[in-house]
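1. heads up, no residue letters with this:
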């Protein structure tokens, strides 16, 4: 499936098997297709993967999906990464994606609570809002920075600056379009141009793309223009996460800081281009924190959101929801336990598929959740400050779950080559000639890309996941 890990060794100077490989290659594709013919009806992405030595003496990974045959992934075929595949994510500063079971379920409240929990642990923090509508009156970055008591001014990208009125009417993809005499206010480098706060651990809150109309991003683009492609959005997220890692990473720790990327709306809500956000952000495959719906009807939407994320290969680290008094927490927790138990592990809590559910107090009704940009809000919305304070323990537990999950992931990736050498068999390969450092760990696949685990140069740090074209 999409989250399975595949181990592909590189074999060099195997002259005695090159001739054999050359003889079998011409018929290998036909044989494999015959073997797979009965399996294609299941439509399982990556249902069958094999490794075979080509006449060029390169080990290639074949991956067949339920709808089309895959291209070869030739290791070392290129030293550069194409634009869409620049989704290289450092594991030194774990990044999580905050999803919502629906719109208005409290994603930004949960982000603010996690941000405050990170500050209590003295961890550098980045809050990134790639897509925002209703801006600048509704600024989630401003809300998180204020409610986390970070004492910083949130930043915005050039695209969002147009919506904030710093470029006049604006238009197109040029942030200064229509007003060439105005100095650019937005920045593509918030971590370079902002100090991250005067006291406490560094803290950044940034909005990248924004529109004025408070509606879905695809509708805002239709009415206001300034469209954003999926590739540009992915590249911007990658760039900001890389800046954060460069700014606070120490090269040794698995958790040098925490980054949150908050989506807009629900799991399947469209992005600016109209692509579903769960598909749009899939190449990055950031671990997911799902904010469930505690209101009436929220059991169904939360479970549906869980399944959508799982079917696309996301790892759901935890579910967080405010208890609305309808039994949603117990029902969702029972569902998550049943999914974990169905994997055959009697101890659900020790199961890698186990998804803990954290229950928060009911959210108070407060008309001040939507803040005006640039206004000091520290004296307003006191109910939310109180609610966040009451939920401190829950947010601390959720953040601990996230960091522990990340540490376990890094450990699995680091030890994967040794486990592969012990447990796996590669066809047409002299295993005695394969060195452990030549085993390539493929964390996941997305479309034509593979997420490949790359160790740090000195082997001491947690490494990263690099996207490579298939």
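-> All right, it came through fine. All values reported here derive from a predicted model rather than from experimental measurement.
2. for the chain, what's the longest helix?
-> Criterion DSSP state H: the longest helix present in the chain is helix 392-423.
3. elements contacting that one?
-> If you count contacts as 3 or more CB pairs under 8 Å, 6 or more residues apart in numbering; DSSP states H and E, helix 392-423 packs onto strand 6-9, helix 107-120, strand 258-262, strand 316-322, strand 357-360, strand 439-446. The way it works is simple: take the backbone N, C-alpha and C, and place the C-beta from them, glycine included.
4. Could you rerun that using 6 Å?
-> helix 107-120, strand 316-322, strand 357-360, strand 439-446 (3 or more CB pairs under 6 Å, 6 or more residues apart in numbering; DSSP states H and E).
5. Quick check: neighbours of the third one in the sheet, parallel or antiparallel?
-> Think strand 357-360. strand 316-322 (parallel) (DSSP bridges).
6. residues in contact with residue 332?
-> Going by CB atoms under 6 Å, 6 or more residues apart in numbering, residue 332 touches 292, 302, 357.
7. In the strand or helix carrying it, which residues are buried?
-> Taking DSSP states H and E as the definition, residue 332 sits inside helix 328-341. By neighbour count on 16 or more other CB atoms under 10 Å, the buried set for helix 328-341 is 328, 329, 331, 332, 333, 335, 336, 337, 339, 340.
8. Would you confirm that the second one contacts residue 359?
-> To tie it back to what came earlier, the one meant is residue 329. Yes. Using CB atoms under 6 Å, residue 329 is in contact with residue 359, at 4.4 Å.
9. what do these two both touch?
-> With CB under 6 Å, 6+ apart, residue 329 and residue 359 have common neighbours residue 323.
10. buried set for stretch 313-333?
-> Result for stretch 313-333 [16+ other CB under 10 Å]: buried residues 313-322, 328-329, 331-333.
11. Distance of residue 148 relative to residue 108?
-> 11 Å (CB to CB, to the nearest Å).
12. Residue 303 too?
-> Taking CB to CB, one finds residue 303 at 22 Å from residue 108.
13. same question, residue 434
-> 49 Å.
14. more crowded one of these two?
-> Shown here are residue 434 and residue 108; by other CB atoms under 10 Å, residue 108 has more neighbours (23 against 20).
15. Leaving out chain neighbours, which residue sits closest to the more buried one?
-> residue 140 (4.5 Å; CB to CB, 6 or more residues apart in numbering).
16. Redo the helices and strands packed on helix 392-423 as CSV? Include distance to residue 468 and mean pLDDT.
-> As requested, those are exported to CSV (distance: least, CB to CB, whole Å; pLDDT from 0 to 100):
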stretch, distance to residue 468, mean pLDDT
helix 107-120, 31, 97
strand 316-322, 25, 97
strand 357-360, 35, 98
strand 439-446, 9, 90
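17. A strand includes residue 131, no?
-> Yes. The assignment for residue 131, made by DSSP: H, G, I helix; E, B strand; the rest coil, places it in a strand.
18. Which residue comes closest to it once chain neighbours are left out?
-> According to CB to CB, 6+ apart, the nearest residue to residue 131 is residue 264 (4.6 Å).
19. Same check on residue 89?
-> residue 465 (4.9 Å).
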